[in-house]
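Participant: What follows is a predicted protein model with its sequence.
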Amino acid sequence: MYVFTCLYHHPEDPKAFDDHFFTVHAPLARKVVELGLRSATATKLDPNPDGTPPPFYVKVDIAADSAEALQAAMSTQEGQAAQADMANFAGAGFVMFTGEVVDEILPGSPPGS
């Protein structure tokens, strides 16, 4: 499995970010996932256990069967539209990275299961 992650910095206007992200961007992203990707999740980050603010506002993970499958989906018209839309709400910036899942860590699962 291959994962794309995007970490969005804290926006100046969280309500405007949320309004656009959840009503415009997420539906665009769903169209990309429907093209054969495994899943996509958006996590609105809570304060750390010590009460300090998290370093990012929202984390998005998109899972695909392979790097090639992810690239193919992101290269479609739908993928390009979702990427272009980021300029409309992510003015505070973001960090993106990809990687291959090398281990699925599940509670109670012995190594190699």
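Facilitator: Looks like it arrived, so ask away. Residues are numbered from 1 along each chain as shown.

Participant: Show me which positions of the helix or strand bottoming out on mean pLDDT in the chain end up buried.
Facilitator: Ranked by mean pLDDT, DSSP states H and E, the weakest helix or strand in the chain is helix 26-33, scoring a mean of 90. Within helix 26-33, the residues that count as buried by 16 or more other C-beta atoms under 10 Å are Leu28, Ala29, Val32, Val33. Glycine gets a C-beta too; all of them are placed from N, C-alpha and C.

Participant: For the chain, which residues score under the pLDDT cut-off?
Facilitator: By pLDDT under 70, the low-scoring segments of the chain are 106-113.

Participant: the strands in it, which residues?
Facilitator: For the chain, applying DSSP state E gives strands covering 2-8, 39-44, 58-64, 94-100.

Participant: Look up how far Asp46 lies from Glu12.
Facilitator: Going from Glu12 to Asp46 by C-beta to C-beta, to the nearest Å gives 20 Å.

Participant: Dump the C-alpha coordinates for stretch 5-25 into PDB.
Facilitator: C-alpha atoms of stretch 5-25 as PDB (Å, rounded to 0.1, in the frame of the first residue of the first chain):
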ATOM      1  CA  THR A   5      -0.200  12.600   3.400                       C
ATOM      2  CA  CYS A   6      -0.900  16.400   3.500                       C
ATOM      3  CA  LEU A   7      -0.500  18.400   6.700                       C
ATOM      4  CA  TYR A   8      -2.300  21.800   6.600                       C
ATOM      5  CA  HIS A   9      -0.900  24.600   8.700                       C
ATOM      6  CA  HIS A  10      -3.200  26.500  11.100                       C
ATOM      7  CA  PRO A  11      -5.300  28.900   9.000                       C
ATOM      8  CA  GLU A  12      -5.800  32.500   9.900                       C
ATOM      9  CA  ASP A  13      -9.500  31.900   9.600                       C
ATOM     10  CA  PRO A  14     -10.400  28.400  10.700                       C
ATOM     11  CA  LYS A  15     -14.100  28.800   9.900                       C
ATOM     12  CA  ALA A  16     -13.400  29.900   6.300                       C
ATOM     13  CA  PHE A  17     -10.900  27.000   6.000                       C
ATOM     14  CA  ASP A  18     -13.500  24.500   7.300                       C
ATOM     15  CA  ASP A  19     -16.300  25.800   5.200                       C
ATOM     16  CA  HIS A  20     -14.200  25.500   2.000                       C
ATOM     17  CA  PHE A  21     -12.400  22.300   2.900                       C
ATOM     18  CA  PHE A  22     -15.600  20.300   3.900                       C
ATOM     19  CA  THR A  23     -18.000  21.700   1.300                       C
ATOM     20  CA  VAL A  24     -15.800  22.100  -1.800                       C
ATOM     21  CA  HIS A  25     -12.500  20.400  -1.400                       C
END
